[in-house]
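Undergrad: Quick one, fold the following:
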Amino acid sequence: RVSSYARQVSSTATIVGAGAQILHCPRIEDAFIGSGAIIEASRIINATVLSTPMERAVVEGGCLVEDSIVQWSCRCSSMAIVSNSFMCATSHVERHAKLLDSILGPCSGASEGEISASLVGPFVGFHHQALLIA
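TA: Got it, this is the predicted structure:
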C-alpha cells in the first residue's frame, strides 16, 4: 500500500507555491516548495518544504535538504544538512548541524551537533558539537 501511494504522489518536477521566494539557489530538484516559503542560497533535492504565508518555512545559508520533509514554521540555516529526515513544525537546525535518518520533534532544535537514526523531541535543544545516535 505504501509503495502504491508513493507512486501516486511522486513527481519528477519541482512545484513552487504562490508567494514562495527562491533566491540564489544552486540546485532545486524534484521538490515541493509550499506557499510563502523562503529558500535562499541552499539546495533542495527530492524534498518537501511545507509552508504558508502565516507559517513560513525558511531554508537559508547554504543548507542541504534532501530526501526529507520540512514542516511549517521550520528553519534550516547556516549550512545545516537534513537528509532522509522529518522536521516537525517549528523545529530548527542551524550552525552546521546534521539531521540524518531522523525525526526532529516539534519545538526542537539542533545547532552544531549531529543527530543520526533518532527520534528527538518535542521541546529538546541540542547544541555544541554533540553526537546522538540511537
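Undergrad: Which parts of the protein are helices?
TA: 2-9 (DSSP state H).
Undergrad: mind showing which ranges of it have poor pLDDT?
TA: 134 (pLDDT under 70).
Undergrad: 90 - rerun?
TA: Counting by pLDDT under 90, the chain has low-confidence residues at 1-13, 113, 121, 125-134.
Undergrad: Nearest the geometric middle of it, what residue?
TA: residue 70 (3.7 Å; Cα atoms, centre = their mean).
Undergrad: Does that residue touch residue 55 like I think?
TA: No - checked against Cβ atoms under 8 Å, the pair residue 70 and residue 55 is beyond contact range at 11.7 Å. The C-beta positions use only the backbone N, C-alpha and C, and glycine is treated the same way.
Undergrad: so how far is residue 93 from the residue nearest to the centre of the chain?
TA: 9 Å (Cβ to Cβ, to the nearest Å).
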